[in-house]
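Undergrad: Here you go, sequence then predicted model.
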Amino acid sequence: MPGTGRFLLPIAAGVLAAAFLAAAGPPPGAAGCSGCHGAALPGGIPAIAGRPAAELSAALLGFRDGSRPATLMDRLAKGFSPGELQDIADWWEEQR
Amino acid sequence: MTTSRRHLLALATASLARPGLACAQGAGRVVVIGGGFGGASAARALRRLAPALDVALVEPNAAFIACPFSNAVIAGLRDIAAQSFGYARLAADGIRVIAQAATGIDTNPRRVTLADGSTLAFDRLVLAPGIDLRWDALPGYDAAAAAATMPHAWKAGPQTLLLRDRLAALPEGGLVVMSVPPNPYRCPPGPYERASLIAHYLKTRKKRAKLIVLDAKDAFSKQRLFQNAWKALYPGLLEWVPLSAGGKVTAVDVASGQVRTDFETYTPDLANIIPPQRAAAIAELAGVADRTGWCPIDPDTFESRLRPGIHVIGDAAIAGAMPKSAFAANAQAKACAQAVADLLADITPAPPRLLNTCYSLVAPGYGISVAGVYRPANGVLTDIEGAGGTSALDAPAETRAAEARYAESWFHTITTEAFG
């Protein structure tokens, strides 16, 4: 239907323009990490920005299921599903 | 749903409603009131998320004096200079730092009035005013009493130094009494960290001295961890008197130095009175504080339930299960900044997932923590079950030492994110 096509096109263009202009927000919970994980002090909390997502997600999933020793991260990781933790790991890999 | 899909959906929905919104994306004026952990973090997050926004930070003080670790200053373990942070880096980020007090807030039209009579128009306001101490809550205790001989030291700065100096002047065998308020108040575990570090000071510096903690509650944050540590480190030196044993302080008398409960009158050599609190006065002036003295908010956006266009974060907000902590204020600031940037771009904000972490020192090299994960549920920020909690009760000394190091590391990181 030609009418439908004309109707959809501006909407699709609008979506693309908005998606292009708006900064994608971090996945749920990811913005909170930088409260502790910044420029690392010796013997302190490690930095996470720019670390490989595979490394970060392995740590987070290990904290979540208790297989990785933790002081505190086990308590935080349990507030997320494995998929959410993977999203957080992916996002932090992209941060600088 | 992944973030990108979630946001695309929101964008698509917004686009259907307002096809021209993309032109307006990122524009707008945001005023942030209060340059503490919440306000400074929010101003910076807004600049980062939406560089086209005009962001102003209204804060009359030239420097922020941080409360976390101020108990270590009181106990002679830390210099107060390590607690002080300026706003030069925020100005360098392009935030307009306005060194004045806000004296009025209107929502029609939306504008803030400053002490010099000038006004700032805003599209959205982020209010991060912190607390005021309630001088009407405890008979005999007012600002003059605090400044004279009974410091509260619950706002860091001169009060911290007054308590430190009076503690240093305590005679051997002296008695210190602390008064702890009922919930809610700034930093739930703070009084017990302070009690721990004062006890450490007395143990190492003041022979035969004693600390009595008079509490208006029967339970408190990290209670078993603190009490186990007190038993091990400060036996016979630190006595905690809960509400049910007559711990609630009902009056003080500065002239005689007395601290009274329903059952006892204490005449300590030093009284540290932490009075009940409420959101700072500007919150009431803005019409965002309710009858409790605190500010009800929408947990998705931190927008006031009472005044649209005003968002409240940090200690002043009623944040459900989230405590009034520096970490919480910083976490809320980032979530609120995202919501404000989204709203100004006509995007529906996604419900946030928030974290909290609070470290406390019970002695040098002995740290404990409490953590939580929160999400909006039924209109309030709610604990996610199965997550959060305190450090293990049976953790070895290495874990306590690690948590003390992590506490320092956290302070370095969060103050760098907010101010550095």
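TA: Everything's here; your move. All of these numbers come straight from a predicted model, not from anything done at the bench.

Undergrad: The nearest residue to residue B:49 once chain neighbours are set aside in helix, strand or coil?
TA: In space, and not counting its chain neighbours, residue B:49 is closest to residue B:341: 4.5 Å by Cβ to Cβ, 6 or more residues apart in numbering or on different chains. For the C-beta atoms, the positions are set from N, CA and C on the backbone; glycine is no exception. Following DSSP: H, G, I helix; E, B strand; the rest coil, we place residue B:341 in the helix state.

Undergrad: Local confidence estimate at residue B:196?
TA: Residue B:196 carries a pLDDT value of 98.

Undergrad: With residue B:23 instead?
TA: On the pLDDT scale, residue B:23 gets 37.

Undergrad: cool, and residue A:41?
TA: 83.

Undergrad: Next up, the contacts around it.
TA: By Cβ atoms under 8 Å, 6 or more residues apart in numbering or on different chains, residue A:41 lies in contact with B:408, B:409, B:412.

Undergrad: now those as a markdown table including distance to chain A, pLDDT and neighbour count?
TA: Shown next, in a markdown table, are the contacts of residue A:41 (distance: Cβ to the nearest Cβ, whole Å; pLDDT from 0 to 100; neighbours: other Cβ atoms under 10 Å in any protein chain shown):
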| residue | distance to chain A | pLDDT | neighbour count |
| --- | --- | --- | --- |
| B:408 | 7 | 97 | 19 |
| B:409 | 3 | 97 | 23 |
| B:412 | 5 | 97 | 19 |
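
Undergrad: so can I have JSON lines of those residues showing secondary structure?
TA: Below are the contacts of residue A:41 laid out as JSON lines (three-state DSSP):
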{"residue": "B:408", "secondary structure": "helix"}
{"residue": "B:409", "secondary structure": "helix"}
{"residue": "B:412", "secondary structure": "helix"}
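
Undergrad: Counting by contacts, list what the longest strand seen in chain B packs against.
TA: When every strand of chain B is counted residue by residue (DSSP state E), the longest turns out to be strand B:366-377. Under the contact criterion of 3 or more Cβ pairs under 8 Å, 6 or more residues apart in numbering or on different chains; DSSP states H and E, strand B:366-377 touches helix A:73-77, helix B:223-233, strand B:354-363, strand B:380-383, strand B:389-390, helix B:397-418.

Undergrad: Just name the most buried of these.
TA: Of all the helices and strands packed on strand B:366-377, strand B:354-363 has the most neighbours on average by mean count of other Cβ atoms under 10 Å in any protein chain shown, namely a mean of 26.

Undergrad: Residue B:236: neighbour count?
TA: Neighbour count of residue B:236, defined by other Cβ atoms under 10 Å in any protein chain shown: 6.

Undergrad: wait, which of the contacts of residue A:41 is closest to residue A:82?
TA: When the contacts of residue A:41 are ranked by distance to residue A:82 (Cβ to Cβ), residue B:409 comes first, at 27.1 Å.

Undergrad: for chain A, where's the lowest mean pLDDT among helices and strands?
TA: Every helix and strand of chain A was ranked by mean pLDDT, DSSP states H and E. The lowest is helix A:2-21, at a mean of 43.

Undergrad: Contacts only, for the residue nearest to the spatial centre of chain B.
TA: For chain B, residue B:325 is the residue whose C-alpha lies nearest the centre (Cα atoms, centre = their mean; 4.0 Å). Contacts for residue B:325 were tallied using Cβ under 8 Å, 6+ apart; they are B:187, B:188, B:356, B:358.

Undergrad: For the spatially closest residue to residue B:241 that is not a sequence neighbour, give me its contacts.
TA: For residue B:241, ignoring the flanking residues on the chain, the nearest one in space by Cβ to Cβ, 6+ apart is residue B:247 at 3.9 Å. Residue B:247 sits next to B:180, B:213, B:214, B:215, B:216, B:217, B:240, B:241, B:261 when contact means Cβ under 8 Å, 6+ apart.

Undergrad: how much space is there between residue B:247 and residue B:34?
TA: 32 Å (Cβ to Cβ, to the nearest Å).

Undergrad: for residue B:142, same thing?
TA: Counting by Cβ to Cβ, the gap from residue B:142 to residue B:34 is 24 Å.

Undergrad: ok, residue B:392 - contacts?
TA: Counted by Cβ under 8 Å, 6+ apart, residue B:392 has contacts residue B:399.

Undergrad: can you map out the strands along the stretch 51-200 of chain B?
TA: Per DSSP state E, counting those that start in this stretch, the stretch 51-200 of chain B carries strands over the ranges B:54-58, B:63-65, B:84-86, B:96-98, B:102-107, B:110-114, B:119-121, B:124-127, B:131-133, B:175-180.
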